[in-house]
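A.B. asks: Need a 3D model of the following:
(one chain, ligands or ions: 2)
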Amino acid sequence: DPYADDPVRHPALKVNSQRPFNAEPPPELLTENYITPNPFFFTRNHLPVPNLDPDTYRLQVVGAPGGQSLSLSLDDLYKFPKHEITVTLQCAGNRRSEMTQVKAVKGLEWKTGAISTARWAGARLCDVLAQAGHQLCETEAHVCFEGLDSDPTGTAYGASIPLARALDPEAEVLLAYEMNGQPLPRDHGFPVRVVVPGVVGARHVKWLGKVSVESEESYSHWQRRDYKGFSPSVDWDKVDFDSSPSIQELPVQSAITQPQDGETVETGEVTIKGYAWSGGGRAVIRVDVSLDGGLTWQTAELDGEEQRPRKAWAWRLWQLQVHVPAEQKELNIICKAVDDSYNVQPDTVAPIWNLRGVLSNAWHRIHVHVAP
Ligand code: MTE
Ligand code: MO
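C.D. replies: Ligands and ions are numbered 1, 2, ... in the order given. A predicted model of the protein is given here:
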């Protein structure tokens with residue numbers, strides 16, 4: 001059993017798949033803290049968790065196609081300036097279960113919890129690439145990442161990002177060795193993972209073994225044959241993965257975490273809570289909440305850290321106190337967020353449905369009963 005050596009996990013996590021391990025925190029835990037405690041951080045593994053020895057760990061860095069490679073130990077990485085930032089990581093499949101309700105899709109049934117936030121610390125990728133003497137100045141260049149997790153045929157997890165993002169110090173791409181002040185937990189990439197702020201989780205390669213500058217995107221299955229968006233009319237018979245770009249920055253997203261769908265609330269003061277986030281460093285500027293299925297809207301209060309312009313890498317938690325009158329029997333609660341490019345979420349799922357169930361960011365709608 002290649003999974004026999006997987007780490008022990010927190011029992012509060014909602015497990016979507018045991019082997020490989022995929023789990024999300026329940027909604028009430030997800031937004032209890034602005035920074036997600038490590039044991040509750042959602043986990044998305046495609047393969048068994050490798051057990052790596054920090055003393056013999058080496059990161060291979062190749063600065064140019066076919067160029068010489070640098071071999072960095074953990075101590076070598078610690079010598080680069082240590083950079084620490086708060087970043088929200090979201091899987092492209094977050095809220096996939098809502099797409100399934102429209103029509104079946106292929107993928108794990110994530111609810112609203114395939115998203116979490118941590119303080120990440122490590123070396124900036126641009127500093128490491130500078131030391132590796134990256135040379136390629138082509139605009140169509142990519143930085144490819146390879147994990148040390150692999151399937152029985154020896155194929156490793158891999159992904160890539162455009163070189164321009166990797167070299168931009170303002171993009172703050174990290175080779176992270178700390179998560180919330182601790183060494184990375186095994187499930188989250190011990191000893192080193194990539195953190196690409198504002199970009200889909202799939203590019204944040206864990207158990208990082210190799211970084212290389214290439215003229216082509218990663219040839220990994222997960223870069224080329226997965227994590228892409230398609231029209232609702234495309235099905236598995238006619239899908240052409242080469243026709244869509246790989247997902248990088250994610251669209252604006254929000255969800256309600258309290259109360260939960262189907263719950264019964266008391267009349268009087270009710271607190272509605274949730275999260276909102278947008279990709280590419282775009283800040284969330286507003287969250288609108290409706291109690292009547294979208295007829296009228298109120299603006300929620302945004303909590304959490306102030307956002308830096310163009311570097312809003314982390315989510316905002318939000319809440320709204322409402323008064324539910326005694327004669328009310330039910331509430332149809334909706335939330336929708338707006339980012340600082342005035343991007344908004346689509347109102348329904350059907351027009352953004354896609355066969356892989358990615359990019360599910362329609363208005364989040366829940367129905368709650370009011371206690372008589
Ligand atoms: N890196 C490796 N090596 N193997 C993986 O399976 N999964 C990716 C990414 N990095 C993965 C990986 C995906 S799809 C996501 S969403 C994030 O890791 C999840 O990171 P987390 O488990 O720390 O939340
Ligand atoms: Mo993912």
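A.B. asks: Per-residue pLDDT of the residue sitting furthest away from the middle of the chain, please?
C.D. replies: Residue farthest from the centre of the chain, counting by C-alpha atoms, centre = their mean, is Glu327 at 40.8 Å. pLDDT, Glu327: 93.
A.B. asks: Over to the one 3 residues further on?
C.D. replies: According to the model's per-residue confidence, Glu330 sits at a pLDDT of 97.
A.B. asks: Any idea what it is bridged to?
C.D. replies: Beta-bridge partners recorded for Glu330 (DSSP bridges): His369.
A.B. asks: burial count for it?
C.D. replies: 14 (other C-beta atoms under 10 Å). In short, each C-beta sits where N, CA and C put it, glycine included.
A.B. asks: can you tell me which residues contact it?
C.D. replies: The neighbours of Glu330, taking C-beta atoms under 8 Å, 6 or more residues apart in numbering as the test, are His367, Val368, His369, Val370.
A.B. asks: How many neighbouring residues does the nearest residue to Met179 once chain neighbours are set aside have?
C.D. replies: The shortest distance from Met179 to any non-neighbouring residue, by C-beta to C-beta, 6 or more residues apart in numbering, is to Ala118 (5.0 Å). Neighbour count of Ala118, defined by other C-beta under 10 Å: 25.
A.B. asks: picking up where we left off before, is the residue farthest from the centre of the chain in a helix, a strand, or coil?
C.D. replies: Put simply, Glu327 is coil when judged by DSSP: H, G, I helix; E, B strand; the rest coil.
A.B. asks: Could you check the pLDDT of the residue of the stretch 201-350 of the chain found nearest ligand 1?
C.D. replies: Residue of the stretch 201-350 of the chain nearest ligand 1, by C-beta to the nearest ligand atom: Gly201 (2.6 Å). You'll see Gly201 listed with a pLDDT of 98.
A.B. asks: again, but for Asp76
C.D. replies: What the model reports as pLDDT for Asp76 is 98.
A.B. asks: in what helix or strand does it lie?
C.D. replies: Here Asp76 sits within helix 74-79, counting by DSSP states H and E.
A.B. asks: Report the buried residues of that helix.
C.D. replies: Leu74, Asp76, Leu77 (16 or more other C-beta atoms under 10 Å).
A.B. asks: Make TSV out of those and add distance to Met179.
C.D. replies: Formatted as TSV, the buried residues of helix 74-79 follow (distance: C-beta to C-beta, whole Å):
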residue	distance to Met179
Leu74	15
Asp76	20
Leu77	15
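A.B. asks: Give me the phi and psi for the most centrally placed residue in the chain.
C.D. replies: Ranked by distance to the mean C-alpha position of the chain (C-alpha atoms, centre = their mean), the top residue is Gln90 at 1.5 Å. For Gln90, the backbone dihedrals (degrees, to the nearest 10) come out as phi -130, psi 140.
A.B. asks: Contact partners for the nearest residue to it once chain neighbours are set aside?
C.D. replies: In space, Gln90 comes closest to Ile115 once its chain neighbours are excluded; the distance is 4.1 Å by C-beta to C-beta, 6+ apart. By C-beta under 8 Å, 6+ apart, the residues touching Ile115 are Leu30, Phe42, Thr88, Leu89, Gln90, Cys91, Asn94, Gln253, Tyr275, Trp277, Trp315.
A.B. asks: among those residues, which are in helices?
C.D. replies: Of the positions in these, Leu30 sit in helices, assigned by DSSP state H.
A.B. asks: Looking at the contacts of Ile115, which is nearest Asp151?
C.D. replies: Using C-beta to C-beta, Cys91 comes nearest to Asp151 of the contacts of Ile115, at 19.5 Å.
A.B. asks: Could you count how many residues lie near the nearest residue to the closest one once chain neighbours are set aside?
C.D. replies: Setting aside the residues directly before and after it, Cys91 is nearest to Ala114 in space (C-beta to C-beta, 6+ apart), at 3.9 Å. Applying other C-beta under 10 Å, we find 26 residues neighbouring Ala114.
A.B. asks: distance of Ala114 from Arg95?
C.D. replies: Distance, Ala114 to Arg95, using C-beta to C-beta, to the nearest Å: 8 Å.
A.B. asks: where along the stretch 1-150 of the chain do the strands fall?
C.D. replies: Along the stretch 1-150 of the chain, the stretches classed as strands by DSSP state E, counting those that start in this stretch are 14-17, 22-24, 43-44, 59-62, 69-72, 82-90, 115-124, 142-150.
A.B. asks: Among the ones you listed, which comes closest to Val105?
C.D. replies: Nearest of those to Val105, taken as C-beta to C-beta: strand 14-17 at 13.7 Å.
A.B. asks: Can you list the buried residues in the closest one?
C.D. replies: Neighbour counts using 16+ other C-beta under 10 Å place Lys14, Asn16 of strand 14-17 among the buried residues.
A.B. asks: So which elements touch it?
C.D. replies: Applying 3 or more C-beta pairs under 8 Å, 6 or more residues apart in numbering; DSSP states H and E, one finds that strand 14-17 contacts strand 22-24.
A.B. asks: partner strands of the strand it packs on, parallel or antiparallel?
C.D. replies: Strand 22-24 pairs in its sheet with strand 14-17 (antiparallel), strand 43-44 (antiparallel), by DSSP bridges.
A.B. asks: Quick one: closest of the ones you listed to Leu129.
C.D. replies: strand 43-44 (26.1 Å).
A.B. asks: gap between that closest one and the chain center?
C.D. replies: 10 Å (C-alpha atoms, centre = their mean, to the nearest Å).
A.B. asks: give the contact list for Arg95.
C.D. replies: Trp110, Lys111, Thr112, Ala114, Gln253, Ala255, Ser360, Asn361, His364.
A.B. asks: again, but for Val143
C.D. replies: Leu125, Leu129, Ser160, Ile161, Pro162, Leu163, Ala166, Val211, Ser212, Val213, Glu214.
A.B. asks: quick one: the fifth one and Glu216, what's the gap?
C.D. replies: Between Pro162 and Glu216 the distance, using C-beta to C-beta, works out to 12 Å.
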